[in-house]
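Colleague: Here's my sequence, what's the structure:
(chains A and B)
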Amino acid sequence: MSTRESHCILLGGARLRSEVVMDDRKVVRAALGGDEEAFADLVRRYSGGLHRAVARIVLDDEEAWDVVQMAFIKAWQRLDRYNPRWSFSTWLYRIGTNLAIDLVRSRSSRQKAHRAGNEHQLRLVGGTEETTTRLEHGEVDGILRDLVRYLTPQQRSAFIMREIEDFETAEVAEILGCSTATVRNHVFQARKTLRREIQNRFPEFVPEDQRGQK
Amino acid sequence: MSCEVYRELLPAYLDESLDEVRRTGFRSHLRSCVGCREFAIGEEPTLVFSLADAVDPSPDRIEACVTAVVAGIHQERLERRLRGSRRPWLAAAAAVVLAIVAASMWWLKSDDGVSSPTLQANDQGVEISSPVATEEIPAATEPPPRVEVEMVQEEVRVYQYAIGDDGTTGAVFIVNPAMEL
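Modeller: Modelled structure (predicted):
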């Protein structure tokens, strides 16, 4: 089961979610006592989902693994500062997202992302009618990677956490270290930019009467 | 809930006014119902991303990540231990104490009217001793020896100069901070 599926189930079932959070806290306590195997269990549990989110921010799978590893090592170093008010995954995503945002800001990412985007260009043919029934999930991911480079690191992170990874607004606010209103604004701005780019580059997703409008 | 009800939720979903439970239900329905998805994407093209991949990496890749993280933790622990054993401030303090002790001894010897031998470097860089006659330097007017402490990278060097203005080095202590004290 993917992390997102499990996340959905968690959101739908408060009891199951609280059980997972409690279990995480138990494991964190064991790790705080120096139990490396307990911490390794947390890595197994969350590295996949964190990698998926980070890869969508940094637009590079291998760099995303580096960020994930660094995030876990930082989490281990700062384990005594973990606030159990939030779930371990929220805290971990905060560390990972900050590292990813720093990477996007620091590297010569514009050129790199541009190259990656060009390699990823997808042209989908056909009208609006039933277009998505023919879409493979991987193709949607390709379009997302192609367009997400038009967003600022903060917008990118907020949109991916909220719209793709299904985190609650309050959790995204905790991850990004901002208010829920700011998260909503980031998502709104991201949607606006993505809509414009879809209209320009993938008009088949836009109703015929709206094509060409900006 | 029927498709009709879900379609009515779309505006609330887009302006973020749906509560989290209904929002999750809406997204789940969007992923499973082609008709509603087509309708929603027609209204808001960015909803096509509700189909974005959610596949986790292979178990091998995750195990490789676990191994890398555990190795990183071990390395970090080792670095912290090494950092802990190096105490440059302790080495500097020891150097200063040595310098003070040496200066005091020098001063006491001068008071007794016995001059200390001075060390001079010859051409080969080897220090040689040259005793000075007691009667040549009056003890009462003799200035205290000059001491300088120098930090060179991780070394602490303490120079104690001989009496007089010729700059002859009387003694040199070199303290290595990596050394266990």
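
Colleague: make it CA atoms for all contacts and neighbour counts henceforth
Modeller: OK.

Colleague: Quick one, grab the pLDDT at residue A:159.
Modeller: You'll see residue A:159 listed with a pLDDT of 95.

Colleague: residues from chain B in reach of chain A?
Modeller: Proximity of chain B to chain A is confined to B:16, B:20-21, B:24, B:34, B:37-38, B:41-46, B:48-57, B:62-63, B:65-66, B:68-70, B:72-73 under the rule CA under 8 Å from any CA of the partner chain.

Colleague: Could you list the low-pLDDT ranges of chain A?
Modeller: Counting by pLDDT under 70, chain A has low-confidence residues at A:1-22, A:108-138, A:206-214.

Colleague: Could I get the full set of strands for it?
Modeller: For chain A, no strands turn up when DSSP state E is the criterion.

Colleague: So which residue is dead centre in it?
Modeller: residue A:53 (3.0 Å; CA atoms, centre = their mean).

Colleague: That one contacts residue A:165, correct?
Modeller: Yes - at 7.2 Å, residue A:53 counts as touching residue A:165 under the criterion of CA atoms under 8 Å.

Colleague: Contacts only, for the residue nearest to the centre of chain A.
Modeller: When contacts are counted by CA atoms under 8 Å, 6 or more residues apart in numbering or on different chains, residue A:53 touches A:160-161, A:165.

Colleague: how does chain B divide up, domain by domain?
Modeller: Using automatic domain parsing, the domain ranges for chain B come out as B:3-51, B:58-85, B:88-175.

Colleague: Quick check: buried residues in the shortest one?
Modeller: Translated: domain B:58-85. Within domain B:58-85, the residues that qualify as buried are B:62, B:65-66, B:68-70, B:72-73, counting by 16 or more other CA atoms under 10 Å in any protein chain shown.

Colleague: out of these, what pair is the most spread apart?
Modeller: B:62 and B:73 (16.5 Å; CA to CA).

Colleague: Name the helix or strand for residue B:159, please.
Modeller: strand B:155-161 (DSSP states H and E).

Colleague: buried sites along that strand?
Modeller: Using 16+ other CA under 10 Å as the test for burial, strand B:155-161 gives B:155-161.

Colleague: Then stretch A:190-210?
Modeller: A:190-191, A:193-199, A:201-207.

Colleague: Which of these sits closest to residue A:107?
Modeller: Residue A:107 lies nearest to residue A:190 out of the buried residues of stretch A:190-210, by CA to CA, at 21.8 Å.

Colleague: May I ask you to confirm that that closest one is in contact with residue A:151?
Modeller: Yes - in this structure residue A:190 lies within contact range of residue A:151 using CA under 8 Å: 6.3 Å.

Colleague: where does residue B:150 land in three-state SS?
Modeller: Put simply, residue B:150 is strand when judged by DSSP: H, G, I helix; E, B strand; the rest coil.

Colleague: so it touches residue B:160, yeah?
Modeller: No - at 11.3 Å, residue B:150 does not count as touching residue B:160 under the criterion of CA under 8 Å.

Colleague: Are there residues contacting both of the two? Which ones?
Modeller: Overlap of the contact sets of residue B:150 and residue B:160 (by CA under 8 Å, 6+ apart) is empty.

Colleague: which residues of chain B fall in helices?
Modeller: Remark: helices assigned in chain B by DSSP state H are B:3-14, B:20-32, B:34-43, B:59-85, B:88-111.

Colleague: cool, and chain A?
Modeller: Going by DSSP H, chain A shows helices at A:3-12, A:14-32, A:36-58, A:61-77, A:88-106, A:109-119, A:131-134, A:137-148, A:153-159, A:169-176, A:180-201.

Colleague: what's the closest of those helices to residue B:105?
Modeller: helix A:61-77 (49.3 Å).

Colleague: Not counting its neighbours along the chain, what's nearest residue A:180?
Modeller: residue A:173 (5.3 Å; CA to CA, 6 or more residues apart in numbering or on different chains).

Colleague: Could you single out the nearest of the buried residues of domain B:58-85 to residue A:72?
Modeller: Nearest to residue A:72 out of those is residue B:69 (CA to CA; 6.6 Å).

Colleague: ok, for that closest one, nearest residue in space, not its chain neighbours?
Modeller: residue A:69 (5.5 Å).

Colleague: What of residue A:27?
Modeller: residue A:38 (5.6 Å).

Colleague: and that neighbour, how many residues sit next to it?
Modeller: Using other CA atoms under 10 Å in any protein chain shown, residue A:38 is surrounded by 18 other residues.

Colleague: With the one 4 residues further on instead?
Modeller: Using other CA under 10 Å, residue A:42 has 19 neighbouring residues.

Colleague: what residues are up against the residue nearest to residue B:69?
Modeller: By CA under 8 Å, 6+ apart, the contact set of residue A:69 is B:65, B:68-69.

Colleague: I'd guessed residue A:167 sits against residue A:159; true?
Modeller: No - using CA under 8 Å, residue A:167 makes no contact with residue A:159, being 10.0 Å away.

Colleague: the more surrounded of the two?
Modeller: Between residue A:167 and residue A:159, counted using other CA under 10 Å, the more crowded position is residue A:159 (26 against 23).

Colleague: Neighbours of residue B:32, how many?
Modeller: By other CA under 10 Å, neighbour count at residue B:32 equals 11.

Colleague: Next up, the contacts around residue A:52.
Modeller: B:54, B:56.

Colleague: Once you drop chain neighbours, what's closest to residue B:39?
Modeller: Residue B:39's closest residue in space is residue B:7 (CA to CA, 6+ apart), at 7.9 Å.
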